[in-house]
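Colleague: Got a predicted structure plus its sequence, pasted below:
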Amino acid sequence: MTALTAPHPPRSHGVLPRLITTAALALTIVGTAVGVGAFGGTPVQGAGDGLLAADATPLAPAAGAFSIWSLIYLGLAAYTIVQWWDPTDRHRIRVAAILSMLLNALWILVVQAGLVSLSVLVIVVLLAVLAVIVRRLAVSGPRGHVEAVALHGTFGLYLGWVSVATCANIAAALLGAGFEGFSTTGAGSPGPLAVGVLVVAAAVGTGLALSGRRAAGALAPLAAVAAVGWGLGWIAVGRLAGEPASALVGGAAVVATAAVVIAGITSARERIRAVRSVS
């Protein structure tokens, strides 16, 4: 007779991928420390001739918006810990998650080097990677509360915030390239163009809310909606209570924030009803 043995996890999901994930998190933390000037360098908002400062363009969120990074980094740390107990990587996001952390660190280093135009390419690729992660997470619901927070919550917030940050990053790069459409010192008003970008951002947030309503694992898209609303809200604060002041852009940001929040709440309610009807 052949002795029966317990099945082993597939060899392709061994320790090495989890070690690489942990190393990517460490690099991200180091990159963040560089970005805030912990090692004596120039903080991100002062790098690149100040193009990414909170008062550089009409699409720059007020400084308080960046506190969301604390939640995102805590979430990435939680994901890194959780993936040590998930040898199968059932959502197939580990490679993309590693890439997202490396791209985040790369973005900070590129900005520190004053290459704001190149940073646009980095953040757009990061945005695409995060979209892939959230799409895969949305295929099925989280398996327990820990996975809901560490995976769906983390990468949803990450995607939503980077969506708003990409708009601000592009505006900063265009300003640095000499484009006057986002200049706050020229004779023309940058308001109409900024309002157009805010409309697009609100449409993205609303689209995420709609996708969350249809998805089985709606938590990640809805977390992204929350982060988009957060970013747009802080753009409103920056224009209505800070510099550059603009009642037009600030008012548009308020409307955009309200639209995204309402869409998110509506989607969340529909998902709750759907879950209750099934149970």
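Modeller: Perfect, I can see it now. The structure presented is a predicted model; accordingly, all values stated were derived computationally and were not measured. Numbers count the residues shown, from 1 in each chain.
Colleague: Test for you: state the pLDDT assigned to residue 148.
Modeller: Note for residue 148: predicted pLDDT of 90.
Colleague: Residue 54 and residue 44 touch, don't they?
Modeller: No - the pair residue 54 and residue 44 fails to qualify as a contact (CB atoms under 8 Å) at a distance of 10.8 Å. Using the backbone N, CA and C atoms, a C-beta is placed for each residue, glycine as well.
Colleague: residues contacting the closest residue to residue 199 other than its chain neighbours?
Modeller: Distances taken as CB to CB, 6 or more residues apart in numbering place residue 256 nearest to residue 199, at 7.0 Å, with adjacent residues excluded. When contacts are counted by CB atoms under 8 Å, 6 or more residues apart in numbering, residue 256 touches 198, 199, 201, 202, 205, 232.
Colleague: Which among those residues count as buried?
Modeller: Among the contacts of residue 256, those classed as buried by 16 or more other CB atoms under 10 Å are 198, 201, 202, 205, 232.
Colleague: For the fourth one, list the residues it contacts.
Modeller: To tie it back to what came earlier, the one meant is residue 205. Contacts of residue 205 (CB under 8 Å, 6+ apart): 160, 163, 224, 225, 228, 229, 232, 256, 259, 260, 263, 264.
Colleague: Over to the third one?
Modeller: Contacts were defined as CB under 8 Å, 6+ apart; by that measure residue 202 touches 232, 255, 256, 257, 259, 260.
Colleague: so which helix or strand takes in it?
Modeller: helix 191-214 (DSSP states H and E).
Colleague: again with the last one
Modeller: With elements delineated by DSSP H and E, residue 232 resides in helix 219-241, which encompasses its position.
Colleague: ok, residue 273 to residue 220 distance?
Modeller: From residue 273 across to residue 220, the span is 19 Å (CB to CB, to the nearest Å).
Colleague: On the pLDDT front, check residue 42 for me.
Modeller: 75.
Colleague: Let me know the secondary structure of it.
Modeller: coil (DSSP: H, G, I helix; E, B strand; the rest coil).
Colleague: Numbering from 55 from now on, please.
Modeller: Sounds good: first residue 55 from here, last item residue 96.
Colleague: Make sure it is actually in contact with residue 165.
Modeller: No - using CB under 8 Å, residue 96 makes no contact with residue 165, being 9.2 Å away.
Colleague: more neighbours, those two?
Modeller: Set residue 96 next to residue 165 and count neighbours by other CB atoms under 10 Å: residue 165 wins out with 26 against 15.
Colleague: which one of the contacts of residue 310 is nearest residue 171?
Modeller: Nearest to residue 171 among these is residue 255, at 20.9 Å by CB to CB.
Colleague: Cheers, nothing more for now.
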